[in-house]
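Student: here you go, sequence then predicted model.
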Amino acid sequence: MTLRHFTGNLFNATRPVLKPVTSQPEPVLFYETSDLEVEFEVSDGQVTGFGLWGGFWGAGPTVESPSGSSAREKAEVWFDRDELLTDGAALPSQSPFHI
């Protein structure tokens with residue numbers, strides 16, 4: 001996934017998509033889509049997490065996306081930032097973000 005800054009805490013995301021195609025000689029179609037938006041939540045100057053929306057969760061067209069004014073409220077998928085160690089460094093074997 002590639003994030004491109006848009007404005008403030010908002011980014012546009014481009015992601016690869018693999019789809020099985022049985023009618024073609026090659027069994028998989030690969031393309032990129034840029035229909036996602038990513039917004040980081042910042043509190044007291046620290047990133048506390050980020051959310052994605054724009055059809056990322058795959059719920060389908062009959063399910064309404066979450067709504068709200070904050071990134072956390074409108075996110076289809078939310079990643080919280082883990083607590084940091086007292087020296088400010090994240091655990092080396094873990095990503096600072098998780099679902």
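Tutor: Sure, I can see it.

Student: residue 77 pairs with what?
Tutor: residue 52 (DSSP bridges).

Student: check contacts around residue 71.
Tutor: 9, 39-41, 49-51 (C-beta atoms under 8 Å, 6 or more residues apart in numbering). Using the backbone N, CA and C atoms, a C-beta is placed for each residue, glycine as well.

Student: all strands of the protein, in order?
Tutor: 2-7, 10-20, 28-43, 46-53, 77-81, 97-98 (DSSP state E).

Student: give me the buried subset of the contacts of residue 71.
Tutor: Burial by neighbour count, judged by 16 or more other C-beta atoms under 10 Å, picks out 39-41, 49-51 from those.

Student: farthest pair within those residues?
Tutor: Farthest pair in the buried ones among the contacts of residue 71 (C-beta to C-beta) is 39 and 49. Separation: 9.7 Å.

Student: possible to save the strands of the chain as TSV with distance to residue 65?
Tutor: Shown next, in TSV, are the strands of the chain (distance: least, C-beta to C-beta, whole Å):
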stretch	distance to residue 65
strand 2-7	18
strand 10-20	15
strand 28-43	11
strand 46-53	6
strand 77-81	11
strand 97-98	21
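
Student: closest one to residue 69 among those?
Tutor: Closest to residue 69 of these is strand 28-43 (C-beta to C-beta; 11.0 Å).

Student: any regions of this protein where pLDDT drops low?
Tutor: Along the chain, the parts satisfying pLDDT under 70 run over 17, 21-34, 83-99.

Student: of the buried ones among the contacts of residue 71, closest to residue 70?
Tutor: residue 41 (6.9 Å).

Student: just checking, the closest one touches residue 69?
Tutor: No. At 11.8 Å, residue 41 does not count as touching residue 69 under the criterion of C-beta atoms under 8 Å.

Student: ends of stretch 65-72, how far apart?
Tutor: Chord length of stretch 65-72, first to last residue, is 12 Å (C-alpha to C-alpha, to the nearest Å).

Student: flag every buried residue along it.
Tutor: Neighbour-count burial for stretch 65-72 [16+ other C-beta under 10 Å]: 71-72.
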